[in-house]
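Novice: This is a predicted model, with the sequence first.
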Amino acid sequence: MTDRTAPAAHPIAPVLAARWSPRSFEDRAVPDAALAQVLEAARWAASCVNDQPWNYIVARKDREPEAHARLFACLSANNQGWAGRAPVLILGIARTHFAANGNPNRHAAYDLGQATANLAAQAAATGLQVHQMAGFDAAKAREAFAIPEGFDPLVMVALGHPGPAEALPEALAARETAPRMRKPIGEFVHLGAWGSTGAP
Ligand SMILES: Cc1cc2nc3c(=O)[nH]c(=O)nc-3n(C[C@H](O)[C@H](O)[C@H](O)COP(=O)(O)O)c2cc1C
């Protein structure tokens with residue numbers, strides 16, 4: 001399997017270094033226990049006033065093939081070029097107003113992101129990986145799954161066992177093995193004042 005461990009400049013938790021976003025997936029199902037584990041990890045994310053605004057439509061290719069095909073049909077052409085191999089497709093949806101009082105929740109997307117980051121880290125810890133996607137038609141997904149107003153389809157997630165890069169078309173295989181890049185800490189940390197960028 002492709003080794004994509006993050007070349008971190010400082011030691012980070014092994015599971016965070018192990019997480020990456022493959023486009024090649026093995027043609028085998030995700031065991032129920034593993035799927036439950038990654039969803040449980042999402043469940044334990046922090047959220048604003050513990051509102052837990054996340055919702056996930058989960059479609060397993062072998063068990064919910066029709067829903068899997070419907071989610072696949074919502075993806076952009078680029079993502080359709082590889083994501084159909086994933087044995088599980090997931091649509092992440094944020095409830096936009098607080099359950100307790102109906103007020104708008106400015107942090108709903110943030111909380112869905114935190115839950116999905118937990119899901120991704122747990123997947124990596126379980127020998128799986130996810131690939132998150134913004135490239136999908138949210139209006140089409142809303143219609144296809146009768147998602148009511150007040151719920152925002154925000155991200156599609158491909159989940160499975162990462163497969164060999166060689167299984168992909170050439171251009172995608174090259175991306176699968178390209179060096180992993182990140183900005184240095186000193187570019188996004190502002191020490192004590194906006195604009196005082198620098199590493200601690
Ligand atoms: C919200 C979000 C949307 C993304 N959308 C897409 C997408 O539509 N297609 C795609 O191929 N990758 C997508 N990605 C994957 C990113 O390109 C990837 O996370 C980034 O290049 C860093 O690579 P890594 O996850 O392997 O560390 C998305 C990631 C996130 C978090």
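Specialist: Everything's here; your move. What you see is a predicted model, and the numbers here were worked out from it, not measured in a lab.
Novice: Which residue ranges of the chain form helices?
Specialist: Taking DSSP state H to define them, one finds helices in the chain at 14-18, 32-43, 65-74, 77-80, 108-125, 138-144, 170-177, 185-188.
Novice: which of these has the lowest average pLDDT?
Specialist: The stretch with the lowest average pLDDT out of the helices of the chain is helix 170-177, scoring a mean of 94.
Novice: can I get the CA coordinates of that helix in CSV?
Specialist: Extracted in CSV, the C-alpha atoms of helix 170-177 (Å, rounded to 0.1, in the frame of the first residue of the first chain):
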residue,chain,number,x,y,z
GLU,A,170,-2.2,7.8,-14.9
ALA,A,171,-2.9,11.4,-14.0
LEU,A,172,-4.7,10.4,-10.8
ALA,A,173,-2.0,7.8,-9.9
ALA,A,174,0.6,10.6,-10.1
ARG,A,175,-1.4,12.8,-7.7
GLU,A,176,-1.7,9.7,-5.4
THR,A,177,2.1,9.5,-5.0
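Novice: and that helix with the ligand, contact?
Specialist: No. Applying C-beta under 6 Å from any ligand atom, one finds helix 170-177 out of contact with the ligand, separated by at least 8.3 Å. The way it works is simple: take the backbone N, C-alpha and C, and place the C-beta from them, glycine included.
Novice: circling back to that earlier point, so of the helices of the chain, which one's packed in deepest?
Specialist: When neighbours are counted by mean count of other C-beta atoms under 10 Å, the highest per-stretch mean among these falls to helix 108-125, a mean of 21.
Novice: orientation of that one relative to helix 32-43 in degrees?
Specialist: Calculated by axes from the mean of the first three to the mean of the last three C-alpha atoms, to 10 degrees, helix 108-125 forms an angle of 140 degrees with helix 32-43.
Novice: Can helix 108-125 be said to contact the ligand?
Specialist: No. Using C-beta under 6 Å from any ligand atom, no contact is recorded between helix 108-125 and the ligand, whose separation bottoms out at 7.3 Å.
Novice: Show me what residue of the chain gets nearest to the ligand.
Specialist: As assessed by C-beta to the nearest ligand atom, the ligand sits closest to residue 135 within the chain, at 3.0 Å.
Novice: and the gap between that residue and residue 7?
Specialist: With distances taken as C-beta to C-beta, to the nearest Å, residue 135 is found 27 Å from residue 7.
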